[in-house]
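# Sequence first, predicted coordinates after that:
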Amino acid sequence: AQKVTQAQTEISVVEKEDVTLDCVYETRDTTYYLFWYKQPPSGELVFLIRRNSFDEQNEISGRYSWNFQKSTSSFNFTITASQVVDSAVYFCALSGSGGSYIPTFGRGTSLIVHP
Amino acid sequence: EPEVTQTPSHQVTQMGQEVILRCVPISNHLYFYWYRQILGQKVEFLVSFYNNEISEKSEIFDDQFSVERPDGSNFTLKIRSTKLEDSAMYFCASTVGLADYNEQFFGPGTRLTVL
């Protein structure tokens, strides 16, 4: 069975602070895919990143970076120099391999960035 | 930029009534998905659809639910006899290929309220 744990329910920071959102996963699949999505207050879901289990290289996209560590089953997301527009709920998700796409989402972390 | 659209944005219905939620995926996409998110909770996969048939469905997607691609553009989710617990935000998504390998584009969601 797959499981995604986002232990941080809510994080509150002041603008320009760096913030890391944690994601820990469990799966028996040797090949799997990890995702992060952003859900701003307007409610839509925005895809941020997909990472497969064979690619442990960290990724940076502007102020966003992701740290994938198979040894600890973690796929953490860091926002550098946070901005008010980063305020949203962030979901981590996991899907398996073998042609099955039933993703498991974490419960989400609500990030509030104060001006 | 192409986008997934959903109508209506908000649907209010009486318990026991049938509802149809509509989605227009991105035109060259081949895989379609429905998710639901009960208020304040995590996103849950309902069903995936490819080549005019269901590829996968979750335990939530019981006999009360059905999906259809009635024409070349629309993708619908029907709930035959709504229950109070069906109140949620329903998201449609599409991908050009398998979602494991391709970015999922989500629609803005339909908020369903069952009274």
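Thanks, I have the structure now.

# where's B:Glu56, which helix or strand?
According to DSSP states H and E, B:Glu56 maps onto strand B:53-57.

# likewise B:Asn28?
If you go by DSSP H and E, B:Asn28 is not part of any helix or strand.

# Tell me the predicted confidence for it.
B:Asn28 is assigned 89 on the pLDDT scale.

# so what's it up against?
By CB atoms under 8 Å, 6 or more residues apart in numbering or on different chains, the contact list for B:Asn28 reads B:Val96. Glycine gets a C-beta too; all of them are placed from N, C-alpha and C.

# State whether A:Cys23 and A:Ser74 are indeed in contact, as I suppose.
Yes: counting by CB atoms under 8 Å, A:Cys23 does reach A:Ser74; the two are 6.4 Å apart.

# hang on, isn't A:Leu48 packed against A:Tyr37?
Yes: using CB under 8 Å, A:Leu48 makes contact with A:Tyr37 at a distance of 6.1 Å.

# Mind checking which of these two has more residues around it?
A:Tyr37 (23 against 17; other CB atoms under 10 Å in any protein chain shown).

# Now do the same contact list for the closest residue to that one other than its chain neighbours.
Excluding the flanking residues, the one nearest A:Tyr37 by CB to CB, 6 or more residues apart in numbering or on different chains is A:Phe91, at 4.6 Å. With contact taken as CB under 8 Å, 6+ apart, A:Phe91 is in contact with A:Gln6, A:Trp36, A:Tyr37, A:Lys38, A:Gln39, A:Leu45, A:Phe105, A:Gly106, A:Gly108, B:Lys42, B:Val43.

# Secondary structure element holding the third one?
If you go by DSSP H and E, A:Tyr37 is part of strand A:33-39.

# any weak-confidence spans in the chain?
In the absence of a named chain, this looks at chain A. Applying pLDDT under 70 to chain A flags the ranges A:97-100.

# wait, chain B
Looking along chain B with the criterion set at pLDDT under 70, you get B:100-101.

# And the strands in it?
Listed in chain order, the strands of chain B (DSSP state E) span B:5-7, B:10-13, B:19-24, B:31-37, B:43-50, B:53-57, B:65-68, B:75-79, B:88-95, B:105-106, B:110-114.

# Can I get the ones you listed in CSV including distance to A:Asp29?
Shown next, in CSV, are the strands of chain B (distance: least, CB to CB, whole Å):
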stretch, distance to A:Asp29
strand B:5-7, 31
strand B:10-13, 37
strand B:19-24, 29
strand B:31-37, 20
strand B:43-50, 16
strand B:53-57, 15
strand B:65-68, 26
strand B:75-79, 28
strand B:88-95, 20
strand B:105-106, 24
strand B:110-114, 32
